[in-house]
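Colleague: Please work out how this folds:
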Amino acid sequence: MSKCSKINFNCPSAPSLHYVSPAHGGWGVVRIAALVPESHQLFVCPFACGRHGALGGAQNGIKDRISYLFINEADIVSGDFEQLIINSVGELFEALSKVPKVLFIFTSCLDDLLGTDHEAILAELDSKYPDVKFRHCTMNPISLDTPYPPGVTIEMNMYGLLEKSNVKRSQINILGSNVSFSEECELKKLLHSKGWSVSHISDHKDFKSFQTMSEARLNIVIAPIALKAAQQMEKELGIPYMTAYVNHTPEVIERFYEDLSEFIGEDIVTPSKEYRIKAEEKLEQARSLIGDYPIAVDFQAVIKPFSLALTLSEYGFNIGMIASDGIPAHEKGAFELLSKKYPDILVEDPLCHEAVTFPFEGRQYLCIGFDCGYMTGSDKVVNIMEDEGLFGYDGIVRLMDMLVEAYTEKADVQEMIKEAGLII
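Modeller: Below you'll find the model as predicted:
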């Protein structure tokens, strides 16, 4: 771990080896793709790559929706690799009790080097099985520093399954979240009161129902991972999108409701004010209880860790550290403000190779996220990953409740990591 003493992010300097702790992970492509109802996955890869996916599938209860075609060196050099995939799909369908509506064919990093003609493979499969939709997907970590890493491309493949509809209803889709919002979320309540519905992929239990997402009038993108999918949907389905990355800043949330009000032609800002008041009260109550106890914020716990750190600092909380592997484009403004107003906040890279020495172990922090909890060995840890289920003023309320609970009750970080089903 680099020894940062100021918020100038000198930590991740020259490229080097990464330390990947058990606390690092999240929803892998296997788990995300399984959100598409009536879908199945075929992994075409060497055995070692498949083992990782198989363990993830078993850990998250979806192993019966994943199959494997393990390839060896002979399969690769024989020149029959592409036909092998086609033949294996036929064998798979014969073995399954029910032919899926969608088959995601995943390939690993090796396939990037082979130059496989997947368009030709998919065309032949489409011809042989017209009632099944086929998509080629990648599980290639070597693309993580490109505009199209696995998470982004799987979102594009998933929503690329939607067919253009001439029917449009007063419906808004939520993209970028792996779980739906609580019914207590004010976004749902405010929209429902104006005759609008909110749709999330997890709401749909069959493929036909999933197709109704193409009838929406707007997509709200709440995480960067789904931005390119939303842009694709706008181009192919004619559904405009609005970015509203999850944040916990009341002023930013109110501006979002102003924009949304303009889009739907109804005032939802005025009725949202009661929810803002409750959120700000929760912020004050949590700060009053926690006092000056130092807080650490993890970039895996929330989509906008620098924004959250800035907001909490403005409300009087003592932010001691931010764990992040970089400064994403959508967080540069918050980072610059933090640098000016709160320059003594530590910014540490949990993936730095020096993290294996645990230089922060034993320091007292109230940790928002697993990475910080693991780095420090703290027993005060907020059990949250990627803002799951949090949005708007309700998200602030829920986060403050979790923060207070973490402060007052001891946490078992190892058990949290296990229950989270993290996939590296």
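
Colleague: ok, Thr107 - contacts?
Modeller: Taking Cβ atoms under 8 Å, 6 or more residues apart in numbering as the criterion, Thr107 is in contact with 43-45, 116, 118, 136-140. Backbone N, C-alpha and C define where each C-beta goes, glycine included.

Colleague: Please flag which of these sit within strands.
Modeller: 43-45, 136-139 (DSSP state E).

Colleague: top helix in the chain by residue count?
Modeller: In the chain, ranked by residue count with DSSP state H as the criterion, the top helix is helix 269-290.

Colleague: Please spell out which residues along that one are buried.
Modeller: By neighbour count on 16 or more other Cβ atoms under 10 Å, the buried set for helix 269-290 is 269, 272, 275-276, 279, 282-283, 286-287, 290.

Colleague: quick check, nearest of these to Met321?
Modeller: Ranked by distance to Met321 (Cβ to Cβ), those are led by Ile290 at 15.3 Å.

Colleague: pLDDT score for the closest one?
Modeller: Looking at Ile290, its pLDDT stands at 97.

Colleague: who touches stretch 396-412?
Modeller: By Cβ under 8 Å, 6+ apart, the list of residues contacting stretch 396-412 from outside reads 182, 248, 250, 253, 278-279, 282-283, 285-286, 289-290, 293, 295, 366-368, 373, 378-384, 389-390.

Colleague: For that stretch, give the mean pLDDT please.
Modeller: Stretch 396-412 comes out with an average pLDDT of 94.

Colleague: Show me where the chain dips below the pLDDT cut-off.
Modeller: 1-16, 22-23, 79, 113, 141-144, 420-424 (pLDDT under 70).

Colleague: So the residue sitting furthest away from the middle of the chain versus Gly90, what's the distance?
Modeller: Residue distances from the centre of the chain (Cα atoms, centre = their mean) peak at Ser78, which lies 38.7 Å from the mean C-alpha position. Ser78 sits at a distance of 19 Å from Gly90 (criterion: Cβ to Cβ, to the nearest Å).

Colleague: on that earlier part again, pipe the buried residues of helix 269-290 into JSON lines and attach distance to Leu125 per row.
Modeller: As requested, the buried residues of helix 269-290 are exported to JSON lines (distance: Cβ to Cβ, whole Å):
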{"residue": "Val269", "distance to Leu125": "49"}
{"residue": "Ser272", "distance to Leu125": "48"}
{"residue": "Tyr275", "distance to Leu125": "49"}
{"residue": "Arg276", "distance to Leu125": "51"}
{"residue": "Ala279", "distance to Leu125": "50"}
{"residue": "Lys282", "distance to Leu125": "52"}
{"residue": "Leu283", "distance to Leu125": "53"}
{"residue": "Ala286", "distance to Leu125": "54"}
{"residue": "Arg287", "distance to Leu125": "57"}
{"residue": "Ile290", "distance to Leu125": "56"}
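
Colleague: May I ask which two of those residues are separated the most?
Modeller: Of all pairs drawn from the buried residues of helix 269-290, the greatest distance, 30.4 Å, lies between Val269 and Ile290 (Cβ to Cβ).

Colleague: What's the local residue count around the closest residue to Leu162 other than its chain neighbours?
Modeller: Closest residue in space to Leu162, ignoring its immediate chain neighbours: Ser214 at 4.1 Å, by Cβ to Cβ, 6 or more residues apart in numbering. Taking other Cβ atoms under 10 Å as the neighbour definition, Ser214 ends up with a count of 22.

Colleague: Checking my notes, Ser214 in a helix, right?
Modeller: Yes. Ser214 sits within a helix when classified using DSSP: H, G, I helix; E, B strand; the rest coil.

Colleague: give the contact list for it.
Modeller: Counting by Cβ under 8 Å, 6+ apart, Ser214 makes contact with 162-165, 237, 239.

Colleague: could you redo the last one with a cut-off of 10 Å?
Modeller: Shown here is Ser214, whose contacts under the criterion Cβ atoms under 10 Å, 6 or more residues apart in numbering are 159, 161-168, 171, 173, 233, 236-239.

Colleague: Narrow the residues you listed to just the buried residues.
Modeller: Among the contacts of Ser214, those classed as buried by neighbour count (16+ other Cβ under 10 Å) are 159, 161-162, 165, 171, 173, 233, 237, 239.

Colleague: coming back round to it: so which of the contacts of Thr107 wins on neighbours?
Modeller: Sorting the contacts of Thr107 by how many neighbours each has (other Cβ under 10 Å) puts Val44 first, at 26 neighbours.

Colleague: Who does that one form a beta bridge with?
Modeller: On the basis of DSSP bridges, Val44 takes part in beta bridges with Leu69, Thr107.
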